[in-house]
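In: Would you be able to build a 3D model of this:
(2 chains)
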Amino acid sequence: MAAGRPKRTPAKPGFTTPERGGSFSVVISDIRESIRLAPVWLYSGWIDVLWKYRRTKLGAFWHTLALGAFVFVMGTIWAVVLKQDPTHHFRYVGTSLIVWSLLSYFVVEGTHCILSSGATALSIRFPFIAFAMGHVWRALLLFGHHCLLYLIIMVVTQFLPGWIALLALPALLLLVANGVWISLLVGIICMRSRDVVPAAASAMQIAMFVTPILWPKDMLGPELAYAVDYNPLYHLVRIVRDPLIGQMPDPVSWIWAVGTLIVGTAVTFWIYGRVRDRIAFWY
Amino acid sequence: MTRITCEGAWIEFPIKPVASKDGTIADIGGTIDPNRGIVSALQDITLDLKEGDRLGIIGHNGAGKSTMLRLLAGVYSPTQGRVSAVGRISTLFNSTPGLNMDGSGRENIVICGLHLGLNRREIAAKSDEIIAFAELGPYIDLPVRTYSSGMLMRLGFSIATAVEPEILLLDEGLATGDAGFTQKAQSRMNEMIDRSSILVVASHSESFVQKVCNRCIVLEHGRILADGAPDQLVQNYRSQIIEGAKRGAPDALRKAYIMAVDMASRGELPPPALEEQGLRYALTIAPNSIKMWRRYVALLQEQNKPISFEVKIRSLIAEYEEGTDMEANREALQRGIESRDGETLDEELAKKVDNILSKESIAS
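Out: Below you'll find the model as predicted:
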């Protein structure tokens, strides 16, 4: 590079394939590259959501509307079936489903996060981690729409969670951090084997009924309730949901969520480092 | 220092084990090895490109041209060997990076620009220039979904070159453009070369490569067959095709036709030997075209080649069937038949001749 020439990007442009150094350095450099490319995926995620408003009047709020209908039906039916206090249960189911929708979006839509980026990935060298980050960002934007539903539920059930609700913010951050590895892992697996795409959707549907979302955990009774404690999804939902309905989540759930993040990220990046250079061949 | 280096790079695609067990070379594509379950799309590519290099890649369908570009773009990592590049890279392959069919042209300029390494401010500054260069008029505000492939290519090319890359990789990029845009595109590429960068273009059009590039490689079955000056290589390639066509290889005949037409469409005169073979192909498709027969006979005369009896008769039949003065043409055919010097016609042709001659005699 000519020394006097102003550079647009701080990093030296160019690449070496396969990268020198092992799979670990591949992961590190791709993470760094993905963060540098933040303006790219932030913008494209944003405009993706914006385009949902093209040719539809409600745009992304359609998802919120569908979720709202689901919450209304499930909240009512399950309150009756389980003989729960209707307002309390309605609030519980509603908030749970809103948080679940985010988690479920990571997995179900995450199946396509690399698959659908073929045009980019086959044209330039682009870190696949950035696709996962972009996907999480899009999920977060849709989740933002669902916050309106949360407000409506709180107003209708006349409930104020209090200051404790602020605890949901760091919890959401932790959930989103988990979302990155979840989306990336699902995205990579679906590149290798397209069979996983429909399987992931079914699995999340079943998981929704297994995880205490539509029913409170203590309904399982003392013999079975402990089984739920080994479900990481439960803890991920709980740390965000509980503060939103004015409860203090058990610190064990926080530990579980952090543990999930560490283990999940380690496994995912280990796999990523090994297959990164093969992914493009799987399109 | 802008540079691309390939050291013994291989690209091997994983494939599902295939039914055919013979691990041999097919006419097209890379080498399939069913035992290891791989296709060797590129084999042992060693290449060094420096500032000012304009490399053209030519070869048959499936010879590995597009794979080669992706290797140079860093999209495919070599399964053996190493590739490294220094410089800002911009590409125009099947689609522009980041392109979204739902967005308008204007919005896609922003997204694609971001993907190619510009920031928002730079894009805002260049946006007008890109729009002007693409000449899409009001379409720039319509969704890209509504574009024709030529319009998509214009937009893609305008973006890909506006980012002022140091390395530009193009795949058949200009094939879909009309002549006017191709001219503009060529002058823009020349500007880019003047800024001392690297251009790599894979093309089916040898005369395009000859015009634009200062270096050329011929790929076949994923190997570099030849590497050198475009003039020499394209000429060799051409004569190879002509030789093949003379032997009657159907692929070579067809390719000769495509080459000749491509040259003609660029305003160049194809060499007579090539045009002759191209016409042979064209005449199998339209055997009654007098214009082509006349041209064919003229080409043979121009090259001082003997005109075979069959060609003579076939062209006379074409004259008769398409011409206006039937009687004169029939007499010409009659004379042609009488001038036979021991040659024979195949059955079908002989029947046709008899048919024409007898039909006319009944009328008179």
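In: what does whichever strand or helix holds B:F208 contact?
Out: Assessed by DSSP states H and E, B:F208 sits inside helix B:206-212. Contact with helix B:206-212 is made by B:54, B:56-58, B:174, B:186, B:189, B:199, B:201, B:203, B:216, B:230-231, B:234, B:237-238, B:259, B:262-263, B:266, B:268, as judged by CB atoms under 8 Å, 6 or more residues apart in numbering or on different chains. From N, CA and C alone the C-beta is placed, and that goes for glycine too.
In: Tell me which of the residues you listed fall in helices.
Out: Per DSSP state H, helices hold the following members of the contacts of helix B:206-212: B:186, B:189, B:230-231, B:234, B:237-238, B:259, B:262-263.
In: out of these, which are buried?
Out: By neighbour count, with 16 or more other CB atoms under 10 Å in any protein chain shown, the ones in helices among the contacts of helix B:206-212 hold B:189, B:230, B:234, B:237-238, B:259, B:262-263 as buried.
In: Quickly note the distance from A:P216 to chain B.
Out: To chain B, A:P216 is 42 Å away according to CB to the nearest CB, to the nearest Å.
In: what's near enough to touch that residue?
Out: A:82, A:84, A:89, A:92.
In: try 7 Å
Out: A:Y92 (CB atoms under 7 Å, 6 or more residues apart in numbering or on different chains).
In: Over to it: give its phi and psi.
Out: Main-chain dihedrals, A:P216, degrees, to the nearest 10: phi -70, psi 150.
In: can you map out the strands along chain B?
Out: Per DSSP state E, chain B carries strands over the ranges B:3-14, B:31-33, B:38-50, B:54-59, B:80-86, B:89-92, B:167-171, B:198-202, B:215-220, B:223-228.
In: Take those and lay them out in JSON lines including mean pLDDT.
Out: JSON lines is the format used below for the strands of chain B (pLDDT from 0 to 100):
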{"stretch": "strand B:3-14", "mean pLDDT": "91"}
{"stretch": "strand B:31-33", "mean pLDDT": "75"}
{"stretch": "strand B:38-50", "mean pLDDT": "91"}
{"stretch": "strand B:54-59", "mean pLDDT": "91"}
{"stretch": "strand B:80-86", "mean pLDDT": "94"}
{"stretch": "strand B:89-92", "mean pLDDT": "89"}
{"stretch": "strand B:167-171", "mean pLDDT": "89"}
{"stretch": "strand B:198-202", "mean pLDDT": "91"}
{"stretch": "strand B:215-220", "mean pLDDT": "92"}
{"stretch": "strand B:223-228", "mean pLDDT": "92"}
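In: now for those strands, which one comes closest to A:H235?
Out: strand B:3-14 (38.0 Å; CB to CB).
In: Show me which positions of that closest one end up buried.
Out: Buried, per 16+ other CB under 10 Å, within strand B:3-14: B:3-6, B:9-13.
In: Need the strands of chain B in JSON lines (columns: distance to A:A121).
Out: Shown next, in JSON lines, are these (distance: least, CB to CB, whole Å):
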{"stretch": "strand B:3-14", "distance to A:A121": "16"}
{"stretch": "strand B:31-33", "distance to A:A121": "25"}
{"stretch": "strand B:38-50", "distance to A:A121": "17"}
{"stretch": "strand B:54-59", "distance to A:A121": "22"}
{"stretch": "strand B:80-86", "distance to A:A121": "17"}
{"stretch": "strand B:89-92", "distance to A:A121": "12"}
{"stretch": "strand B:167-171", "distance to A:A121": "15"}
{"stretch": "strand B:198-202", "distance to A:A121": "19"}
{"stretch": "strand B:215-220", "distance to A:A121": "23"}
{"stretch": "strand B:223-228", "distance to A:A121": "26"}
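In: With respect to chain A, which of those strands lies nearest?
Out: Evaluated over the strands of chain B, closeness to chain A peaks at strand B:80-86, with 4.0 Å, by CB to the nearest CB.
In: Please see if that closest one touches chain A.
Out: Yes - applying CB under 7 Å from any CB of the partner chain, one finds strand B:80-86 touching chain A at B:82-86.
In: rewinding a little: nearest to A:H63 among the buried ones among the ones in helices among the contacts of helix B:206-212?
Out: Nearest to A:H63 among those, with distances taken as CB to CB, is B:M189, at 45.5 Å.
In: Give the single residue among the buried ones among the ones in helices among the contacts of helix B:206-212 positioned nearest to chain A.
Out: Checking those one by one against chain A (CB to the nearest CB), the nearest turns out to be B:M189, at 18.2 Å.
In: residue contacts, the closest one?
Out: Taking CB under 7 Å, 6+ apart, we find B:M189 in contact with B:199, B:212.
In: List the buried residues in the helix or strand of chain A with the lowest mean pLDDT.
Out: Using mean pLDDT, DSSP states H and E, helix A:225-228 stands out as the lowest-scoring helix or strand of chain A, at a mean of 83. For helix A:225-228, a neighbour-count test (16+ other CB under 10 Å) marks A:V228 as buried.
In: returning to that earlier point: pull the most distant pair out of the ones in helices among the contacts of helix B:206-212.
Out: Most distant of those, by CB to CB, are B:M189 and B:R238, 23.2 Å apart.
In: now the helices: where do they sit in the stretch 151-283 of chain A?
Out: A:168-192, A:196-210, A:225-228, A:232-244, A:251-279 (DSSP state H, counting those that start in this stretch).
In: For those helices, please prepare TSV with the additional fields distance to chain B.
Out: Formatted as TSV, the helices of the stretch 151-283 of chain A follow (distance: least, CB to the nearest CB, whole Å):
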stretch	distance to chain B
helix A:168-192	10
helix A:196-210	17
helix A:225-228	40
helix A:232-244	31
helix A:251-279	4
